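**Student:** Fold the stuff below for me.
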Amino acid sequence: MELKTRRKRKKNEEHFFDYTLLFIVLFLLGFGLVMLYSTSSYEASLNLNDGGYYLKRQAGATALGLVAMVVVALIPYRFWERFAMFGYVATIIAIFLVKSPLGYSSGGATRWFKVFGLSVQPAEIAKIAIILFLASFICKMGKAINTVKGFGIILAIPLPISGLIYVLTNNLSSAIIVFGIVAVMLFVATNDYKKFVLLFLAGAAMVAVIIFLVVSQENDGMGFRGERILAWLNPEAHASGKGFQTLQALYAIGSGGIFGKGLGQSMQKLGFIPEAQNDMIFSIICEELGLFGAISIILLFMILVWRCVVIANNASDMFGALLVVGVMGHLSIQVILNIAVVTNTIPNTGITLPFISYGGSSILFLLSEIGLVLSVSKGIALKET
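**Tutor:** Purely as a prediction, here's the structure:
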């Protein structure tokens, strides 16, 4: 009798589904394809004899990503918890594949490997894998996470992955994002914020020391990252080197004005900004659509993050809430860092703008993460009768 009552109650429950989140993601995908074609068609025609080369590849990855999003959204999110450890280990193996015969280089960087003709970037796998693993691990730790030992264990979890990403693929930006995701999830899960103040101060001190060493030694033995720091501090003085891309991006932003030059009318994409369809696509948005278009996109990302907050606050359990927080942390960190790079707020580094920049692996795993968020939203019961 009791079992029948539970089944009847479950059937009568009304579950929430965040159509606002879904609409924003679909709009960003469509907008991203339009801007990608506008940004890349000239270079693709010149170098590849096909103005739609990047658009076709991105559209294919987007279609595959949408299928992945739907599949993940339809599966109850608790199902993925059993694969948390497998995902962590698989990520480490995937990073090593970059140095195997399957690995290949593009733009002077070896950060991908190919399987059945498909290119995969392990750094993108790492982001969703660390979200899944950490959500499961934190739930198992319980209140022990508030101890100094528990806090240290959580911070140590991303170190193998972040370290391998940096050492084997020379991808510092992705290593920082992985660690940032962990910091956001840990901040939400713990109730002792004093440790975060100390962590922030230690990080700020480390950054200050690095900048001081680079400036004082004028990049003597500091490598290309030292050059990027010097170009960030004074891009005009390094206009022929690392400061060139940054200066061209700033010219694009400044020339766009309030409403922009019009879609497809950018001048900086005509060979002035190298591979503008990747990290610097936001500067072309500013040039063609102006301050109005740039702010509109930023507002859409803010609404997207807000919807994640709503879903996390109403999730049916801690595991679901942490999954959404992890995705929210990933999206917000990546958007902030990309725009900060384009506007020369921080040194130049390779960070794409989610859903808009060119990148098949990025769009596939981002949409898989959105599928997780939608799955959690489906688990929210609105009412019982």
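**Student:** Name the nearest residue to the residue positioned nearest the centre of the chain, sequence neighbours excluded.
**Tutor:** Nearest residue to the geometric centre of the chain (CA atoms, centre = their mean): residue 334, 4.3 Å. Leaving aside its sequence neighbours, residue 334 sits nearest to residue 354 (CB to CB, 6 or more residues apart in numbering; 5.4 Å). Where you see a C-beta, it was placed from the backbone N, CA and C, and this is true even at glycine.
**Student:** Check residue 102 too.
**Tutor:** In space, residue 102 is closest to residue 113, 4.1 Å off (CB to CB, 6+ apart).
**Student:** For that neighbour, what are phi and psi?
**Tutor:** Here is the backbone geometry of residue 113 (degrees, to the nearest 10): phi -140, psi 160.
**Student:** Okay, it and residue 143: tell me how far apart.
**Tutor:** 41 Å (CB to CB, to the nearest Å).
**Student:** ok so, going back, distance-wise, check the residue nearest to residue 334 relative to residue 254.
**Tutor:** For residue 354 relative to residue 254 (CB to CB), the value is 25 Å.
**Student:** These two: which is more packed in?
**Tutor:** Taking neighbours as other CB atoms under 10 Å, residue 354 and residue 254 compare with residue 354 leading, 23 against 11.
**Student:** which helix in the protein runs the most residues?
**Tutor:** Secondary structure assigned by DSSP state H gives helix 281-314 as the longest helix of the chain.
**Student:** which helices and strands sit right next to that helix?
**Tutor:** helix 19-48, helix 243-256, helix 318-342, helix 360-378 (3 or more CB pairs under 8 Å, 6 or more residues apart in numbering; DSSP states H and E).
**Student:** need the least confident one among those helices, by mean pLDDT.
**Tutor:** Across the helices and strands packed on helix 281-314, helix 243-256 has the smallest mean pLDDT, namely a mean of 89.
**Student:** quick one: residue 193 and residue 186 touch, right?
**Tutor:** No - between residue 193 and residue 186 there is no contact under CB atoms under 8 Å: 10.6 Å.
**Student:** and the two? which has more neighbours close in?
**Tutor:** Set side by side, residue 193 and residue 186 show more neighbours around residue 186, with 23 against 8, by other CB under 10 Å.
**Student:** Contacts only, for the more buried one.
**Tutor:** Counting by CB atoms under 8 Å, 6 or more residues apart in numbering, residue 186 touches 134, 138, 145, 151, 154, 155.
**Student:** Could you do residue 350 as well?
**Tutor:** 109, 171, 173, 278, 279.
**Student:** hmm, 10 Å instead?
**Tutor:** By CB atoms under 10 Å, 6 or more residues apart in numbering, residue 350 lies in contact with 107, 109, 111, 123, 170-174, 278-279, 338, 341.
**Student:** tell me the secondary structure for the residue nearest to residue 334?
**Tutor:** coil (DSSP: H, G, I helix; E, B strand; the rest coil).
**Student:** Settle this for me: it is touching residue 282, isn't it.
**Tutor:** No - using CB atoms under 10 Å, residue 354 is not in contact with residue 282, being 11.1 Å away.
**Student:** got any residues that touch both of those two?
**Tutor:** With CB under 10 Å, 6+ apart as the test, residue 354 and residue 282 both reach 335, 338.
**Student:** Can you tell me what sits against stretch 187-196?
**Tutor:** 134-135, 138-139, 141, 143, 145-148, 150-152, 154-155, 183, 186, 199, 312, 318, 321-322, 324-326, 328-329.
**Student:** any idea which of the contacts of residue 186 is closest to residue 58?
**Tutor:** residue 134 (29.6 Å; CB to CB).
**Student:** Secondary structure element holding that closest one?
**Tutor:** helix 122-141 (DSSP states H and E).
**Student:** got the buried residues for that helix?
**Tutor:** Of all the residues in helix 122-141, those buried under the rule 16 or more other CB atoms under 10 Å are 122-139.
**Student:** thinking again about what came up before, can you say which of the helices and strands packed on helix 281-314 is nearest to residue 99?
**Tutor:** The nearest among those, by CB to CB, is helix 360-378 at 17.3 Å.
**Student:** which helices and strands does the closest one pack with?
**Tutor:** Other elements packing on helix 360-378 under the criterion 3 or more CB pairs under 10 Å, 6 or more residues apart in numbering; DSSP states H and E are helix 19-48, helix 53-74, strand 109-115, strand 118-120, helix 122-141, helix 281-314, helix 318-342.
**Student:** Over to residue 100. Which of the three states is it?
**Tutor:** Classification of residue 100 by three-state DSSP places it in coil.
**Student:** Isn't it up against residue 115?
**Tutor:** No - contact between residue 100 and residue 115 fails when scored by CB under 10 Å: they sit 11.0 Å apart.
**Student:** what residues are shared contacts of these two?
**Tutor:** With CB under 10 Å, 6+ apart, residue 100 and residue 115 have no common neighbours.
**Student:** Give the burial count for residue 88, as a bare number.
**Tutor:** Other residues close to residue 88 by other CB under 10 Å number 21.
**Student:** That should have said residue 202, apologies.
**Tutor:** What residue 202 shows, counting by other CB under 10 Å, is a neighbour count of 10.
**Student:** From here on, call the first residue 52.
**Tutor:** Yep, numbering from 52; the last one is residue 253 now.
**Student:** Can you tell me how far it is from residue 246?
**Tutor:** Note on residue 253: its distance to residue 246, by CB to CB, is 10 Å.
**Student:** quick one: average pLDDT of stretch 312-327?
**Tutor:** 88.
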